[in-house]
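Engineer: Next input, structure requested:
(chains A and B)
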There are 2 protein chains.
Amino acid sequence: MISILIIGDGNVASHLYKAFSKVDAVVVTKIKSRNLTVTPNADVTIIAVSDDAIAEVSSKIHNSFVVHTSGSVAMVSLNNKSRKGVFYMLQTFSKNKAIDFSEVPFCLETENEKDYILLELLANLIGKKVYGINSKQRKALHIAAVFVNNFTNHMYKTGSDICAENNVSFAILEPLIKETAAKIETLSPAAAQTGPAIRKDQRTIKEHLALLNEQQQEIYTTITKSIQNGN
Amino acid sequence: MISILIIGDGNVASHLYKAFSKVDAVVVTKIKSRNLTVTPNADVTIIAVSDDAIAEVSSKIHNSFVVHTSGSVAMVSLNNKSRKGVFYMLQTFSKNKAIDFSEVPFCLETENEKDYILLELLANLIGKKVYGINSKQRKALHIAAVFVNNFTNHMYKTGSDICAENNVSFAILEPLIKETAAKIETLSPAAAQTGPAIRKDQRTIKEHLALLNEQQQEIYTTITKSIQNGN
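Structural biologist: Below is the predicted model of the structure:
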């Protein structure tokens, strides 16, 4: 039986607690970071708090093996006195949406091989896509994730706003959104590009800009320029 | 038996020809726009050429009912002398990827009800999502599609570049990309947003910018500002 302590109260902590609760081979406890005065002992302590709080929270933990779940914080930023690691799940977690952990990539880092095997075991108990990723690679992945998740979602938001302003259902765009995401499994994003920017169709670009508000225009112009420059 | 003539040589013309070829109730012919000297007669003539060429190509056609397939060209831009319409498929077409037409939204516009029923019949022969969309709505949809498809794909491209520069497999991001697209079927894009921009996590934003090239920085800054302004 492996004991896990999860510290945190956000979406990652909640989804992780829920997933490990269903596994017979582990016993899992979850506490809020402000209740750290008494820290239950555990084989693995998973800190799932905001990036800014990781250093301080980890300094208060005296358990033997402490990992964080952040994509952008280096392993060495953990301030516990004993063994350190990272248990980063490269997925987007929302309060009201269930997560299929079999589709979640687990990006693991540890100081030694034995701890890696332990984290790998835990990841395989709730998921199946497990990668060894060092702190530098993880930071790159996290930045790439901001583009493909946060910024992509903002493209959806802008599309949704344009539909609402023109009395058209955003649902009409859902098949296109799904196909755009599915396409890159068989084509590279560079090969998959279509539309007025890559075609250098200046007339359509000008017409589009005339119908957008200032902030939308700024996004349109910046990304169009980048597509046309081949960046 | 309904006769269809498709004029064009691009991805839309090819996929449409392939789809109608499988339908017993229609007979379909495809010609290139430069071979227009002899135009076969047809119940419906579908012009699937570049936006800039629609006016000129349509002026050469003497068939009774002529439609184009463009998201951004108004129906009245057709220069044929008889009935006009639009048969716009809101989907991304690539040469080497099959299209599931049952998932393609057909956005139809005609001058009269009888022609609408004919286009609706054709759309239902190869697909099932059919919408009546006027030229103003279609232009809005087309702009929104540029954001959710072309610009989203450029976010994938940028993520892919960052992975390549840091020796990490872009495939690790595929589940996140799929989940990001799936999420908006249950959450609005505004509600689905996560990440450093919406959290106003300036430290992470600064760290990310330090690792990007100039063009990537410009995209990062522009979209982050837009997310933070709630636009």
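Engineer: Please make it C-alpha for all contacts and neighbour counts, starting now.
Structural biologist: OK.
Engineer: Show me where chain A has its helices.
Structural biologist: A:11-21, A:54-59, A:113-126, A:135-145, A:152-165, A:174-183, A:189-192, A:196-199, A:202-210, A:214-228 (DSSP state H).
Engineer: now those helices in a markdown table, with mean pLDDT?
Structural biologist: A markdown table is the format used below for the helices of chain A (pLDDT from 0 to 100):
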| stretch | mean pLDDT |
| --- | --- |
| helix A:11-21 | 95 |
| helix A:54-59 | 96 |
| helix A:113-126 | 98 |
| helix A:135-145 | 94 |
| helix A:152-165 | 97 |
| helix A:174-183 | 94 |
| helix A:189-192 | 94 |
| helix A:196-199 | 94 |
| helix A:202-210 | 93 |
| helix A:214-228 | 97 |
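Engineer: Include mean neighbour count and distance to chain B when you put those helices into JSON lines, please.
Structural biologist: Below are the helices of chain A laid out as JSON lines (neighbours: other C-alpha atoms under 10 Å in any protein chain shown; distance: least, C-alpha to the nearest C-alpha, whole Å):
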{"stretch": "helix A:11-21", "mean neighbour count": "18", "distance to chain B": "11"}
{"stretch": "helix A:54-59", "mean neighbour count": "18", "distance to chain B": "13"}
{"stretch": "helix A:113-126", "mean neighbour count": "17", "distance to chain B": "15"}
{"stretch": "helix A:135-145", "mean neighbour count": "23", "distance to chain B": "4"}
{"stretch": "helix A:152-165", "mean neighbour count": "23", "distance to chain B": "4"}
{"stretch": "helix A:174-183", "mean neighbour count": "21", "distance to chain B": "5"}
{"stretch": "helix A:189-192", "mean neighbour count": "19", "distance to chain B": "5"}
{"stretch": "helix A:196-199", "mean neighbour count": "18", "distance to chain B": "8"}
{"stretch": "helix A:202-210", "mean neighbour count": "14", "distance to chain B": "6"}
{"stretch": "helix A:214-228", "mean neighbour count": "18", "distance to chain B": "6"}
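Engineer: Of those, which is nearest residue B:84?
Structural biologist: Nearest to residue B:84, of all those, is helix A:202-210, at 21.3 Å by C-alpha to C-alpha.
Engineer: between that closest one and helix A:214-228, how many degrees?
Structural biologist: 150 degrees (axes from the mean of the first three to the mean of the last three C-alpha atoms, to 10 degrees).
Engineer: could you give the angle of helix A:202-210 to helix B:135-145?
Structural biologist: Using the same axes, to 10 degrees: helix A:202-210 against helix B:135-145 is 100 degrees.
Engineer: show me what contacts the residue located most distally from the centre of chain A?
Structural biologist: Here the centre of chain A is the reference, and by C-alpha atoms, centre = their mean the most remote residue is residue A:203, at 37.8 Å. Contacts for residue A:203 were tallied using C-alpha atoms under 8 Å, 6 or more residues apart in numbering or on different chains; there are none.
Engineer: picking up where we left off before, of all the helices of chain A, which lies closest to residue B:74?
Structural biologist: Closest among the helices of chain A, using C-alpha to C-alpha: helix A:202-210, at 11.9 Å.
Engineer: if we can go back for a sec, ok, which of the helices of chain A comes nearest residue A:88?
Structural biologist: helix A:135-145 (8.4 Å).
Engineer: Can you tell me what sits against the closest one?
Structural biologist: Counting by C-alpha under 8 Å, 6+ apart, A:71-75, A:90, A:107, A:109, B:158-160, B:162-163, B:166-168, B:173, B:176, B:208 sit against helix A:135-145.
Engineer: Between helix B:174-183 and that helix, find me the angle.
Structural biologist: Going by the same axes, to 10 degrees, helix A:135-145 makes 30 degrees with helix B:174-183.
Engineer: would you turn the helices of chain A into JSON lines with distance to residue B:84?
Structural biologist: Listed next are the helices of chain A as JSON lines, based on distance: least, C-alpha to C-alpha, whole Å:
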{"stretch": "helix A:11-21", "distance to residue B:84": "53"}
{"stretch": "helix A:54-59", "distance to residue B:84": "64"}
{"stretch": "helix A:113-126", "distance to residue B:84": "57"}
{"stretch": "helix A:135-145", "distance to residue B:84": "45"}
{"stretch": "helix A:152-165", "distance to residue B:84": "25"}
{"stretch": "helix A:174-183", "distance to residue B:84": "26"}
{"stretch": "helix A:189-192", "distance to residue B:84": "32"}
{"stretch": "helix A:196-199", "distance to residue B:84": "24"}
{"stretch": "helix A:202-210", "distance to residue B:84": "21"}
{"stretch": "helix A:214-228", "distance to residue B:84": "31"}
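Engineer: What distance do you get for residue A:73 to residue A:28?
Structural biologist: Look at residue A:73 and residue A:28: by C-alpha to C-alpha, to the nearest Å, they are 24 Å apart.
Engineer: Let me fix that, I meant to ask about residue A:183.
Structural biologist: 39 Å.
Engineer: do residue A:157 as well
Structural biologist: In terms of C-alpha to C-alpha, residue A:157 sits 37 Å off from residue A:28.
Engineer: cool, residue A:187 as well?
Structural biologist: Taking C-alpha to C-alpha, one finds residue A:187 at 41 Å from residue A:28.
Engineer: what does residue A:136 give?
Structural biologist: Residue A:136 is 30 Å from residue A:28, by C-alpha to C-alpha.
Engineer: Could you check the pLDDT of residue A:38?
Structural biologist: Per-residue confidence (pLDDT) for residue A:38: 79.
Engineer: what about it, neighbour count?
Structural biologist: 9 (other C-alpha atoms under 10 Å in any protein chain shown).
Engineer: Now do the contacts for residue A:157.
Structural biologist: So residue A:157 contacts B:188-190 (C-alpha under 8 Å, 6+ apart).
Engineer: now swap in residue A:153 and tell me
Structural biologist: So residue A:153 contacts B:180-181, B:189, B:192-193 (C-alpha under 8 Å, 6+ apart).
Engineer: likewise residue A:42?
Structural biologist: Neighbours of residue A:42 in contact, by C-alpha under 8 Å, 6+ apart: A:2-5, A:63-64.
Engineer: Right, I'll call it a day here.
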